[in-house]
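A.B. asks: Structure, please.
(chains A and B)
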Amino acid sequence: MEHKSSPDTAQKANPGTTPNTIPTTRSGTAEEIVVLQNVVKQYPLGKVTVEALKGIDLVLYEGEFAAVVGASGSGKSTLLNMIGCVDLPTSGRVFINGIEIGKQNDKELTRLRLYNLGFIFQTFNLVNVLSVFQNVEMPLLLQGNFTRKERLLRVDQLLDRVGLLTHRNHRPNELSGGQRQRVSIARALVGKPKIVLADEPTANLDSVTGKEIIDLMQEINHTDHTTFLFSTHDERVVSRVQRIIPIEDGLLKQPQYNDALNTANALTGTR
Amino acid sequence: MDLAMLGLMNQLAWRSLWSHRAKSLVVGTVIALGVFILVLADALLDSIYDGMESSITSSITGQLQLYDKEAEDKLSLMGTLGNFLTQPHFGQIDDFEIVRHTVEKHPNVAAVIPMGTDSALIFSGNNMDQALQELRDALHLLAPLHSNQIMVALQSPIARVQAIIEHLNHEYKLIAQVTGQSKSTAAAMKNLKIVSAEDFWQQFALTPEPQLQFLDTRIAPLMDDSIPVFLELLGTDLERFQTHFGRFKIVKGAPVPSGRRGLLINDFQYEKIMKDRMARVFDSISELKASENTRIEENKALQDYINRRSKEYKKWILSFDGQTAETIAVELRQFLGLPKASLEILIPRFMDLTDDNFERRKTFFYEKIRPEIKLYPVNIGDDLTLNKFGNGDSQRVRLYGTFKFDGVENSGFSGLFHLVDMITFRELHGYLTEQQKIEIAALKEEFSTPEWDRNDVESALFDNAETEIDWSSFDNEFEPNQAPSSGINAEISADFQLNPEGSQSIISQINEAQQRVYPQSEIDRGATVSAAVILKDVSQLEQSEREIAALLDQAGLPVQVIDWQTASGQVGQMITVMKIVLFIFIIFVFSVSMVVVNNAMLMAIINRYGEIGTLRAIGASRNVIMGIFLIESFILTIIASLIGALAGLLFVIYLSHVGIPAPRLEIQFLFGGQRLYPTMNADNLYLGPLVILLVGVSATFYPALLATRVPPVVAMNARE
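C.D. replies: Predicted coordinates:
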């Protein structure tokens, strides 16, 4: 699963979009974990066809903390869906960890998501009938190669880390929004994915809670080098990411880099 | 996917069921109810089947019936209801004895009993019968006297009989003038001539009994003012029948003595149909009051019944003779305090029954009126003439008693038949094998013609040496004063034509036939319509049926074997009809369950669209999604089924204690008694739940398949 056949054509195909940025704090050259080549996505909407993505080229490197930023209908959710392997492009190619998703069947895509991707949803999407612990445990059960002890250890560690160990036996609907999103983060991380995709993770939270959630994810990004990609138009998130990937009418614009955390390649902070 | 995942799916299912408990409850209730009804219906039907099997096999058919392979119609012992005008053709088993010996070789056969159905009319209440009864009674009273004295004392009753004969003579002369001399008219006139003759009455003074028999059988039927009573007869080996049909019980009178001719009337018909109509009103009300605590005031149907019956007072009055009418009128006038009223007023007034006056009037009826009237058209101990329906044949037979089949005595079905001995049946039915004819001819020669000398008899025997006649059994059985009967009407008529003085011999034959004890071999030998096979181990019915058929084939006998259900005809097919109804019902219950489960699961999937999408997004495979829903439906169905089955079991256990009362008398036959005590067996219990489980899971399959098609992308747009 974790074979590294990242095509070197990726960079050649889109020289203009993303220059060779090395955004990680890790030493050495970061690996290309997500590569999009001329991705087009069209939806039929009644009798007309809507083109949500009009030819996207993008490379994400391992350990990046990035956000796709755009207005509603700009195509940012569609872009995230492509990367999340929950939707397939109409044309163009998407590589996740070197695997081209367009060539995978449903079963393989499911495994790809299970082992490589973590999801944090705007609406948390926890299974209400299961406890906090069980929600977080779910991806481990689906992966299936963990003993009970291992699962207990790993889930409890994560719950401790997101500050909810005391709530492990609660049901999601007994928790606040922020707490639920923490559970969601724990669930996204428990399978040790390469990339965590967070779709508007703060949209349903107040500003203080939203900040705490961003702090938590940033901390995880720092310590575990997990790649985070957000879709957002929340200023608080935008100001915290390393790379801002603006999207407008299905096309990417010049990325921007926050310098607060990365000295190298820092551009001006305006969008 | 490992055990832990299954555990989680299981937990997910339980919790989903709990969190949507209202829906689960509705679906579960429908399933539980379906299973409950199925289990109950299945158990009841099985019990009814058992009840019916018991009713039929232990009263009429036995487990198996044997009959002619070449019969035109299918044997149906109980299926000719209301169809007695066209006699079905069931063929005949030519020699029952051989069949019996062949079939009894099978180790599971307890008994083989010959059977045949026929119908006959008896006439009761005619003036001649009454006159003859009067004569008989007088004879009994005067028995110790010398015959000459008797004749003097009997002058009055004899005069009455002779007056009737005179009347008949006149009638038949008229008939002959109008319609010409038909065969039956000629025979009637012949018989009338015999009884009109001086020497008939001279003979009567010496041996009154045979002469009375002749008057009974030949003259009484010529009176047409009598009430015909129609009897469906089952001719059989009475002794074996009584031994092997477990439900058979004598109610009144006594069993027919071993080897004798005799008739047993079904007590149900005797009490409910033949008994005096007025008496039946009192009986019915008594029964209702006793069994259901009915009050006349509150029971509209009962009031209607009483009203209807009291309007029939004219029929009653007509059924009384002059003396009786007067006696009853006197009693009623006194009882009702209406000194001048006529019977036309008295009887409706008397029958105006209320809860208050019922007991007093019933007592009055049984004490004062009952002795004056003829309660039954035929009395136990009477010698009756069975008139074959359709032709002029008749047989004289004594009514020994009434019988019932235990547990089903109140059912019309079991009251269908009256039992008559095999000898009488054969003769009534007109069965004669070649062998029998030879025997009868031989027997007649030997016993009926006393003027034969020894040499002639010996030569006759010698001539017949080729034929197989079991003389030895006759020698053993015969007492000196008993002669075997021919009883064959054709032969009797022939005698009369050839030799008018021969009447004496015929009369004595009829009489002797009554007194004769027939050996078993004679009862067995000869034709029968069918034969009942009683098995020792009923559970091996099917196997025994096949093996007996094989035995018969081996012996080269053209006899087929059918089971009781087939043999009982339309009645036996009722169970098949009920099974079809149950089957349709099962399909209905399943369809409903299927739709309900299907709908509920589709709703669940719509409700949990986002959840499914999320699970798919975070890496749950389609199999996992499918599994979650199947497990959920499995759990719901199995719990609901168990509850339904348990409820069904408990209810059946409850019913097995209290019993289900038969709503109608006919139903008692199906129930095998007055109440059905249903029993439960394992089949009844697991069949319902198993099928429902299958239905439940298969009804989930399609919705679950749809669930697996939920795209993971919906997770992105999901709202909690």
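
A.B. asks: element containing residue B:91, please.
C.D. replies: Assessed by DSSP states H and E, residue B:91 sits outside every helix and strand.

A.B. asks: For it, give me its contacts.
C.D. replies: Residues in contact with residue B:91 (C-beta atoms under 8 Å, 6 or more residues apart in numbering or on different chains) are B:67-72, B:529. Just so you know, the C-beta spots here come from the backbone N, C-alpha and C atoms, and that holds for glycine as well.

A.B. asks: which non-adjacent residue is nearest it?
C.D. replies: residue B:68 (2.7 Å; C-beta to C-beta, 6 or more residues apart in numbering or on different chains).

A.B. asks: same question, residue B:72
C.D. replies: Closest residue to residue B:72 apart from its sequence neighbours, by C-beta to C-beta, 6+ apart: residue B:89 at 4.0 Å.

A.B. asks: Would you mind listing what in the stretch 1-150 of chain A touches chain B?
C.D. replies: A:77, A:80-81, A:84, A:86-87, A:106-107, A:110-111, A:113-115, A:117-119, A:121, A:123-130, A:134, A:137-139, A:141-144, A:148 (C-beta under 8 Å from any C-beta of the partner chain).

A.B. asks: Buried only: go through those residues for me.
C.D. replies: Neighbour-count burial (16 or more other C-beta atoms under 10 Å in any protein chain shown) applied to the residues of the stretch 1-150 of chain A next to chain B gives A:77, A:80-81, A:84, A:86-87, A:110-111, A:113-115, A:117-119, A:121, A:123-130, A:134, A:137-139, A:141-143.

A.B. asks: Of those residues, which belong to helices?
C.D. replies: The helices, defined by DSSP state H, take in A:77, A:80-81, A:110-111, A:113-115, A:134, A:137-139, A:141-143 from those.

A.B. asks: Which single one of the residues you listed is nearest to residue A:185?
C.D. replies: Of all those, residue A:185 sits closest to residue A:139, with 12.5 Å by C-beta to C-beta.

A.B. asks: List the residues that contact that closest one.
C.D. replies: A:114, A:118, A:187, A:190-191, B:618-619.

A.B. asks: Look up how far residue A:147 lies from the residue of the stretch 51-200 of chain A found nearest chain B.
C.D. replies: Nearest residue of the stretch 51-200 of chain A to chain B (C-beta to the nearest C-beta) works out as residue A:114 at 2.7 Å. As for residue A:114, its distance to residue A:147 is 18 Å (criterion: C-beta to C-beta, to the nearest Å).

A.B. asks: Could you do residue B:332 as well?
C.D. replies: Distance from residue B:332 to residue A:147, by C-beta to C-beta: 102 Å.

A.B. asks: which of the two has more neighbours?
C.D. replies: residue B:332 (22 against 9; other C-beta atoms under 10 Å in any protein chain shown).

A.B. asks: Report the buried residues of the helix or strand that one falls within.
C.D. replies: Assigned by DSSP H and E, residue B:332 belongs to helix B:322-336. Using 16+ other C-beta under 10 Å as the test for burial, helix B:322-336 gives B:324-325, B:327-329, B:331-333, B:335-336.

A.B. asks: by contact count, what packs against it?
C.D. replies: helix B:343-350 (3 or more C-beta pairs under 8 Å, 6 or more residues apart in numbering or on different chains; DSSP states H and E).

A.B. asks: Just list what the helix it packs on packs against, helices and strands only.
C.D. replies: Partner elements for helix B:343-350 (3+ C-beta pairs under 8 Å, 6+ apart): helix B:313-319, helix B:322-336.
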